[in-house]
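Visitor: Got a sequence here, can you model it:
(one chain, ligands or ions: 2)
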Amino acid sequence: MLIKRKRGWEMPERDATPEALFLDRRNLLKGAAAGGILASAGWFGLGRAEAAGEPDPSASLYPAKANAAYALDRPVTAEKLATGYNNFYEFGTDKDIVDRSQALKIRPWTIKLDGMVEQEQTLGIDDLFKKMPFEERLYRHRCVEAWSMAVPWTGFPLKALVDLAKPTSGAKYMRMETFEDPGMAPGQKQFWYPWPYVEGLTMAEATNELAFMVTGIYGKPLPTQNGAPLRLATPWKYGFKSVKSIVRFSFVADRPKTMWQTLAADEYGFWANVNPDVPHPRWSQATERFLGQSGRRPTLLFNGYAEQVAGLYKGLEGEKLYM
Ligand SMILES: Nc1nc2c(c(=O)[nH]1)N[C@H]1C(S)=C(S)[C@@H](COP(=O)(O)O)O[C@H]1N2
Ligand SMILES: [Mo]
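Guide: Ligands and ions are numbered 1, 2, ... in the order given. Next up, the predicted model:
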């Protein structure tokens, strides 16, 4: 039922099965039985929303100074690939969501910092940006579907946001939540997904130097399809951890249940650290398809970031750290 328009630069998916397709088939059957299928299928043909034509209010923050500590062992992915081949289920389960995602209105946008904090705060996104130390970093990105890319993200360390929030000592985890508005995001009319998209990190992960809040890409404000105006990048974890278009950060005592865990706990865990030796139930993680390149390249433990993050998992060997 998903009629896919192939673009020249798209490569056929061979051994990579989209994260959602299997679930969609399974759940569409349930949905069809419940009579909900026609109502939820009508959005596949939506076109580009009217462009607002207003300059992005954060445009003056770009380009930010590059942090040379984050270098790459591979070329940077072409911009049109990284901004044209996306996972954003709020706008559909295919990779071709650029047009549909233009309906997301990214101003005004407020961020809530709540839970176990000295004082709850609600901030306008541009007020938050003014308080944060912006920089550019080159990061690898590895999707659990076994494709990968490498991009220049702009943003600030997640630790800077944690410091602003002032969590109390009882806070052990950080829970992050995407916006919820089925009027703008037709994928959220798919009632079998437990919206909103939720992800979580331990406080040690959230304050690790690598955990990065992304606001831009290729020296420009983030386009909506990549998760504007604020998304996470945890490059040592599978891509589904890097939650997009965040509206709320909650500091909590208990491990948050993520959207993917609710959908399929046997396939998507809390930790989701990249490990080539631990296959996903539906596909090997040994190699990856690097967007724009033919052939496959070997996947690296912690996606090549073991030096920075391996220490986070000492004493947790009993956990399913790699799914
Ligand atoms: N809110 C939200 N965040 C999300 C997703 C999503 O569907 N919704 N997809 C995730 C997955 S599976 C991946 S691989 C990355 C893709 O990011 P990109 O489109 O910028 O490459 O976003 C992640 N963050
Ligand atoms: Mo992904």
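Visitor: what ranges do the helices span in the stretch 151-300 of the chain?
Guide: 158-165, 203-206, 259-264 (DSSP state H, counting those that start in this stretch).
Visitor: Identify the residues contacting the first one?
Guide: Taking contacts as C-beta atoms under 8 Å, 6 or more residues apart in numbering, the residues outside helix 158-165 that touch it are 113, 117, 121, 128, 131-133, 174, 201, 203, 206-209, 211-213, 232, 249, 251. (C-beta placed from N, C-alpha, C; glycine too.)
Visitor: picking that back up, wait, which of the helices of the stretch 151-300 of the chain is closest to ligand 1?
Guide: helix 259-264 (8.0 Å; C-beta to the nearest ligand atom).
Visitor: Could I get the CA-only coordinates of stretch 245-253 as PDB?
Guide: Only the C-alpha atoms of stretch 245-253 are listed here, as PDB (Å, rounded to 0.1, in the frame of the first residue of the first chain):
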ATOM      1  CA  SER A 245      11.300  17.700  17.500                       C
ATOM      2  CA  ILE A 246      11.500  17.600  21.300                       C
ATOM      3  CA  VAL A 247       9.100  19.600  23.500                       C
ATOM      4  CA  ARG A 248       9.800  18.200  26.900                       C
ATOM      5  CA  PHE A 249      12.600  16.900  29.100                       C
ATOM      6  CA  SER A 250      11.600  15.200  32.300                       C
ATOM      7  CA  PHE A 251      14.100  14.200  35.000                       C
ATOM      8  CA  VAL A 252      12.800  11.000  36.600                       C
ATOM      9  CA  ALA A 253      13.800   8.300  39.100                       C
END
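Visitor: So what touches that stretch?
Guide: 90, 104, 106, 109-117, 161, 165, 167-168, 170-179, 203, 224, 227-232, 256.
Visitor: about what we covered before: so among the contacts of helix 158-165, which ones count as buried?
Guide: 113, 117, 121, 128, 132, 174, 201, 206-208, 211-213, 232, 249, 251 (16 or more other C-beta atoms under 10 Å).
Visitor: Closest one to D56 out of these, please.
Guide: L128 (14.8 Å; C-beta to C-beta).
Visitor: list the buried ones in the strand or helix carrying that closest one?
Guide: Here L128 is covered by helix 125-131, with elements defined by DSSP states H and E. By 16+ other C-beta under 10 Å, the buried positions in helix 125-131 come out as I125, L128, F129.
Visitor: Would you format the residues you listed as CSV with pLDDT and distance to ligand 1 included?
Guide: Listed next are those as CSV, based on pLDDT from 0 to 100; distance: C-beta to the nearest ligand atom, whole Å:
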residue, pLDDT, distance to ligand 1
I125, 98, 16
L128, 98, 18
F129, 98, 19
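Visitor: Quick one: name the residues of the stretch 101-250 of the chain near ligand 1.
Guide: Residues of the stretch 101-250 of the chain lying near ligand 1 by C-beta under 6 Å from any ligand atom: C143, T178, Y197, N226, G227, G239, F240, S242, V243, K244, S245.
Visitor: need the contact list for the second one.
Guide: T178 makes contact with E90, P196, Y197, V198, V243, K244, S245, I246, V247, according to C-beta under 8 Å, 6+ apart.
Visitor: In strands, which of those residues fall?
Guide: Using DSSP state E, V198, I246, V247 are the members of these that sit in strands.
Visitor: Need the contact partners of the helix holding L128.
Guide: 57-58, 61, 106-111, 160-161, 164, 215, 229-230.
Visitor: pLDDT weak spots in the chain?
Guide: Within the chain, the ranges that satisfy pLDDT under 70 run 1-18, 20-53.
Visitor: could you point out the longest strand in it?
Guide: Under DSSP E, the chain gives strand 147-157 as its longest strand.
Visitor: Tell me the buried residues in that strand?
Guide: W147, S148, M149, A150, V151, P152, W153, T154, G155, F156, P157.
Visitor: Now do the strands in this structure.
Guide: Using DSSP E, strands in the chain cover 110-115, 121-124, 135-142, 147-157, 173-178, 198-202, 212-217, 220-221, 231-233, 246-252, 287-290, 297-298.
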